[in-house]
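Novice: model this:
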Amino acid sequence: MVEFRAERSDEFPGRELVAGLDALFNAQYPGRAATPGSVTTSDEMAPPSGAFLVGYEEGRAVAIGGLRALRDGVWEIKRMYVVPDARSRGIGRKLLAALEDAGRRLGFRTVPQALWCPHGRPGACAGSVLPARAPRCRYGRTALIGS
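Specialist: Just a heads-up that it's a prediction; the model follows:
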């Protein structure tokens with residue numbers, strides 16, 4: 001069973017899992033560390049306008065994910081990551097559901113979702129749970145989150 005807690009991405013254990021995600025990105029995209037893309041700050045993924053969740057399985061931090069506001073009612077999922085030895089057990093899907101719930105509590109209604117799967121198995125990635133018929137937006141598919 002996985003329990004998700006609201007925490008900060010710049011404090012233990014979130015900081016260490018963010019470092020694991022960055023290491024994955026840097027390994028897959030040589031040169032990324034020298035020229036990073038958009039940078040999301042810890043404060044953007046903190047209340048009152050964002051959230052950062054850490055997923056615990058038997059007391060061990062195994063997953064992270066954040067939300068940040070883009071504009072009124074629209075939010076973005078950031079830093080979604082499951083440690084390698086905890087993958088393929090549905091934790092990513094549970095994390096996505098927990099992030100959606102956190103977004104609803106913050107008053108967000110729409111999430112642009114660009115599907116990207118770092119380990120080459122898109123069907124196994126949590127982003128694949130978005131409806132296939134979700135409307136398109138410039139970021140990818142857009143999921144409308146019910147209240």
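Novice: Excluding covalently adjacent residues, which one is nearest to the residue positioned nearest the centre of the chain?
Specialist: By Cα atoms, centre = their mean, the chain has its centre lying nearest to Met80, at 2.7 Å. Nearest in space to Met80, with sequence neighbours left out and distances taken as Cβ to Cβ, 6 or more residues apart in numbering, is Gly65 at 4.1 Å. The C-beta positions use only the backbone N, C-alpha and C, and glycine is treated the same way.
Novice: still on that earlier bit, kindly confirm my reading that the residue nearest to the centre of the chain is in a strand.
Specialist: Yes. The assignment for Met80, made by DSSP: H, G, I helix; E, B strand; the rest coil, places it in a strand.
Novice: can you pull the pLDDT of it?
Specialist: Reading off the per-residue confidence, Met80 sits at a pLDDT of 92.
Novice: Also the one 5 residues further on?
Specialist: At Asp85 the predicted local confidence, pLDDT, stands at 95.
Novice: Any idea how many residues pack against it?
Specialist: The number of residues packed around Asp85, counting by other Cβ atoms under 10 Å, is 9.
Novice: Got phi/psi on it?
Specialist: When read as degrees, to the nearest 10, the backbone of Asp85 gives phi -80, psi 0.
Novice: try Ala6
Specialist: Summarising the backbone geometry of Ala6 under the convention degrees, to the nearest 10, its torsions are phi -80, psi 120.
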